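[1] pasting the sequence and the predicted coordinates here, then a few questions.
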Amino acid sequence: MSVEVYSEGVYPEAASFAARAAGAFIAAVATPMTPTRHVDKRVLEAYFGGVMERGATGLAAGVHTGRGSELSLDERILVVDTARSSSEIVVTGVYPQDRPNGDAWLKAAVSIGVDALLVFPDNWSSPESARDRFDEIWELTRTPLIVFDLYTKPIPDSTLAELLEHPAVAAFKPARLRDATASERGIRRASTAGRCVLTGEDLMLTESLGWGASGALVGLGAACIELTAAAVSRRAEAGFLSEMQPFIDLLAEATFHEPMDAYVQRMLWIAVDEGLIPPEFGYDPLACDRTGDAERQYVVEAARRARAGVTALLQRRSFG
């Protein structure tokens, strides 16, 4: 059966998601768990609901911030299904290691009804092999895809060009850490290809919004949600991003530093301090022995200062 493609070369499902995602703040949420790795549905509901109430317009559940690749199939289903009941926009991840089990996760994601799939980069041997994988995912799911240009495995230019022309691709998420040149180039290529850009640049959030990202899909939004929400929703206001930048940078630099992967634990600390997650569920199993009480206090204090600064900024702009 033939599939309708818009004149722009995009499947209708992808075009529809892109329209909904433009200007959205999709928070890449953590997965609250105990030291024994217990995940509780009621804790998830409260946390996801709190993230939405504080300004997110969508949830990316079971992606890297949520340790999706480390969750069992049943845990991923629980996390993403709970997100589905909390938000009108839900994205989840597709990992290279999902393939050996016959893509059982993809079938589960479709049954839950996710709106888009964030495709984590693989060791693709060529642009054609990358496109083949996107073809395969589309055929299995008929769900819009998001190209993920991740700093740990950056997509070669030729492969990125191929993927941005794929009709199932609705959006592009750059996450190049501190490589401003690569990020800006990718954003401009995606925009030229007519794809929505959802920045994943935690350390270059305000800059990437200035380069042309229309929305965000960021782990920085797992806590201190009001900061990212304000940056995205008011990005077009004259001078707003430059006034926001010191506070966004304060939060980002306190949470995104070496060991870089421990940022998940740092975001959980902030979420606990904000009352979004009970203390006993503020645990990241992959950050064991890499963080301590002194760092926790530093991170929490930085988040408090950043939040207070933005609150004052918004008040000044409201009454100025």
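    Alright, I've got the coordinates.
[2] and the strands in the stretch 51-200 of the chain, which stretches?
    58-60, 90-94, 116-119, 145-150, 169-175, 196-199 (DSSP state E, counting those that start in this stretch).
[3] so can I have a markdown table of those showing mean neighbour count, distance to residue 70 and mean pLDDT?
    Every C-beta, even on glycine, is put in place using the N, C-alpha and C of the backbone. A markdown table is the format used below for the strands of the stretch 51-200 of the chain (neighbours: other C-beta atoms under 10 Å; distance: least, C-beta to C-beta, whole Å; pLDDT from 0 to 100):
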| stretch | mean neighbour count | distance to residue 70 | mean pLDDT |
| --- | --- | --- | --- |
| strand 58-60 | 30 | 16 | 98 |
| strand 90-94 | 27 | 11 | 97 |
| strand 116-119 | 26 | 16 | 98 |
| strand 145-150 | 24 | 16 | 98 |
| strand 169-175 | 28 | 18 | 98 |
| strand 196-199 | 29 | 23 | 98 |
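[4] which SSE is residue 229 in?
    Using DSSP states H and E, the element containing residue 229 is helix 225-233.
[5] would you mind writing the CA trace of that helix as PDB?
    This file holds the C-alpha atoms of helix 225-233, laid out as PDB (Å, rounded to 0.1, in the frame of the first residue of the first chain):
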ATOM      1  CA  ILE A 225      11.600  23.600  34.700                       C
ATOM      2  CA  GLU A 226      10.600  27.300  34.700                       C
ATOM      3  CA  LEU A 227      14.000  28.300  33.300                       C
ATOM      4  CA  THR A 228      13.700  26.300  30.100                       C
ATOM      5  CA  ALA A 229      10.000  27.100  29.800                       C
ATOM      6  CA  ALA A 230      10.700  30.800  29.900                       C
ATOM      7  CA  ALA A 231      13.600  30.700  27.400                       C
ATOM      8  CA  VAL A 232      11.500  28.800  24.900                       C
ATOM      9  CA  SER A 233       8.200  30.500  25.300                       C
END
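[6] average pLDDT across whichever helix or strand comes after it?
    Elements were assigned by DSSP H and E; along the chain past helix 225-233, the next helix or strand is helix 240-255. In this model, helix 240-255 has a mean pLDDT of 97.
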